[in-house]
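**Student:** How does the following fold in three dimensions:
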Amino acid sequence: MSKKEKFALYPTPEKKSLLERRYQEDGSRSLTVFIERAIDFYLDYFSAGDAGVFLPASIKSCMDGWISWRTA
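**Tutor:** Here you go, the predicted model:
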């Protein structure tokens, strides 16, 4: 396991409350694990440059068909 570093995070009280509720709903071991997973997802999303990579295939197919129909 890699060494961890402390990192200050100053969310609004509302955001902190939401994070605390969501990490428990997600089943994450801790808030830190939940936030790390969220950061990983966003970094992958950002690096992909194409939001379609993150859509389920059925939704992407429907959207592609709709776009093709609209531009034809």
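**Student:** CA only for contacts and neighbour counts going forward, please
**Tutor:** Noted.
**Student:** Could you look up the SS state of Phe10?
**Tutor:** For residue 10 the amino acid is Tyr, not Phe. coil (DSSP: H, G, I helix; E, B strand; the rest coil).
**Student:** That one: how many residues sit nearby?
**Tutor:** 8 (other Cα atoms under 10 Å).
**Student:** if I look at it, how far off is Asp40?
**Tutor:** Between Tyr10 and Asp40 the computed distance is 19 Å (Cα to Cα, to the nearest Å).
**Student:** Which parts of the protein are helices?
**Tutor:** For the chain, applying DSSP state H gives helices covering 13-26, 31-48, 57-71.
**Student:** then the longest one to PDB, C-alphas only?
**Tutor:** To tie it back to what came earlier, the one meant is helix 31-48. In PDB, the C-alpha atoms belonging to helix 31-48 read as follows (Å, rounded to 0.1, in the frame of the first residue of the first chain):
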ATOM      1  CA  LEU A  31     -14.800   8.900   3.700                       C
ATOM      2  CA  THR A  32     -11.200   8.900   2.500                       C
ATOM      3  CA  VAL A  33     -11.800   5.800   0.400                       C
ATOM      4  CA  PHE A  34     -15.000   7.300  -1.000                       C
ATOM      5  CA  ILE A  35     -13.300  10.600  -1.900                       C
ATOM      6  CA  GLU A  36     -10.300   8.800  -3.500                       C
ATOM      7  CA  ARG A  37     -12.600   6.700  -5.600                       C
ATOM      8  CA  ALA A  38     -14.500   9.800  -6.700                       C
ATOM      9  CA  ILE A  39     -11.200  11.500  -7.600                       C
ATOM     10  CA  ASP A  40     -10.100   8.500  -9.600                       C
ATOM     11  CA  PHE A  41     -13.400   8.400 -11.500                       C
ATOM     12  CA  TYR A  42     -13.200  12.100 -12.300                       C
ATOM     13  CA  LEU A  43      -9.500  11.900 -13.400                       C
ATOM     14  CA  ASP A  44     -10.300   9.000 -15.700                       C
ATOM     15  CA  TYR A  45     -13.300  10.900 -17.000                       C
ATOM     16  CA  PHE A  46     -11.200  14.000 -17.600                       C
ATOM     17  CA  SER A  47      -8.400  12.000 -19.300                       C
ATOM     18  CA  ALA A  48     -10.800  10.200 -21.600                       C
END
